[in-house]
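**Student:** here is a sequence together with a model predicted from it:
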Amino acid sequence: MNEQLKHFIESNIPQVEAEMFALVEKIDAPANLKESMLYSLKAGGKRIRPLFVLAVLEQYNQSLKDGLTVGSVIEIIHTYSLIHDDLPSMDNDDFRRGKPTNHKVYGDALATLAGDALNTLAFGILARMDVSAEKRIELVNLLSKAAGAEGMVGGQVLDIEGEKRQLNLAELEHVHINKTGALLRFSIEAGAVLADVSQKERETLKEYAHHIGLAFQIQDDILDIEGTTEELGKTAGKDVASDKSTYPALLTLDGAKEKLAEHYQKANNALDKLQVDSSLLRDFAAYIVHRKN
């Protein structure tokens, strides 16, 4: 990680987290529900999605203020999805980010409801933002697609169905374009909405986001084989043990690395078409493909 990206991450993660925790702490809800919600929000993580919102704003020389709120919303949605993913009825994981999963601490019922509460809270936060009504409506609409049946949740369903058979490459990419890529694409597009970029620039950013989303998942699949439980903060080797459809399983480990390099190159090619300096987004692309957790 170079110094520009390191400084950007270290400067902004504390601000995102402070905003996110404050948004949840001030709601009027049962104490144990808020505790369960905050437990998973405070478990750590790379915060890559909110950082992408801020990176787009930074590249277009815009204030990061509204990006902190939108970034918090995306991380809230992402955290709800992880709580539900870890449940016994889904992936049945005991650890997330090196800590016991939410349902292991609070029980299945409260963990499920904490996820529900985070999901619904996110849309309320967007609706109350101090930006134009047009932007609020567009952000709510885009997030509903990215996080719901047309995006992340739809991808999760396809992923579950794919456990019954070996998917081909097109099917596997379709799963991850939705399951993993949808929220990443929203993060980048939300930054574009807040920055009032042109439609042409927005489409180019979406192209970049498409390839970064797939690269993110491919590297996840590679790390499941090459990483350790300690490095990953979750159970390593679980995909292999469950005979899950992954890029290494379909393409071999070397083939998956080649596909990762291909999407990395295409992401950078998209940035070549932007009308602004894209060095920060290039740094993020490199970070995603070279990360170890």
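**Tutor:** That came through, no problem.
**Student:** just checking, residue 175 touches residue 157?
**Tutor:** No: here residue 175 does not reach residue 157: they are 9.2 Å apart, not a contact under CB atoms under 8 Å. Heads up, the C-betas are built off the backbone N, CA and C, glycines and all.
**Student:** those two - which one has more neighbours?
**Tutor:** Comparing residue 175 with residue 157 by other CB atoms under 10 Å, the one with more neighbours is residue 175, at 22 against 14.
**Student:** list the buried residues of the longest helix seen in the chain.
**Tutor:** The single longest helix within the chain, with elements called by DSSP state H, is helix 199-226. By neighbour count with 16 or more other CB atoms under 10 Å, helix 199-226 contains the buried residues 201-202, 204-205, 207-224, 226.
**Student:** same question for stretch 26-35.
**Tutor:** Neighbour-count burial for stretch 26-35 [16+ other CB under 10 Å]: 33, 34.
**Student:** same deal with stretch 254-261?
**Tutor:** For stretch 254-261, burial by neighbour count (16+ other CB under 10 Å) applies to 256, 257, 259, 260.
**Student:** residue 121 reaches residue 24, doesn't it?
**Tutor:** Yes: Residue 121 is in contact with residue 24 according to CB under 8 Å; the separation is 7.0 Å.
**Student:** list residues touching both of these two?
**Tutor:** When CB atoms under 8 Å, 6 or more residues apart in numbering defines a contact, the residues bordering residue 121 and residue 24 alike are residue 76.
**Student:** so what's residue 206 up against?
**Tutor:** By CB under 8 Å, 6+ apart, the contact set of residue 206 is 185, 188, 189.
**Student:** among these, which lie within strands?
**Tutor:** Judged by DSSP state E, these include no members of strands.
**Student:** which of these lies closest to residue 279?
**Tutor:** Nearest to residue 279 among the contacts of residue 206, counting by CB to CB, is residue 188 at 15.6 Å.
**Student:** list just the nearest of the buried residues of stretch 254-261 to residue 87.
**Tutor:** Nearest to residue 87 out of those is residue 256 (CB to CB; 27.9 Å).
**Student:** ok, that closest one to residue 222 distance?
**Tutor:** Distance, residue 256 to residue 222, by CB to CB, to the nearest Å: 6 Å.
**Student:** compute the number of surrounding residues for residue 42.
**Tutor:** By other CB under 10 Å, 15 other residues sit near residue 42.
**Student:** so it touches residue 21, yeah?
**Tutor:** Yes: taking CB under 8 Å as the definition, residue 42 is a contact partner of residue 21 at 7.0 Å.
**Student:** quick one: what helix or strand has residue 193 in it?
**Tutor:** helix 181-195 (DSSP states H and E).
**Student:** and that helix, average pLDDT?
**Tutor:** Averaging pLDDT along helix 181-195 yields 96.
**Student:** ok, stretch 164-173 next?
**Tutor:** On average, stretch 164-173 scores 88.
**Student:** next one: that stretch to chain centre, how far?
**Tutor:** Relative to its parent chain, stretch 164-173 has a centroid offset of 21 Å by CA atoms, centre = their mean, to the nearest Å.
**Student:** next: stretch 61-76.
**Tutor:** That offset, for stretch 61-76, works out to 14 Å (CA atoms, centre = their mean).
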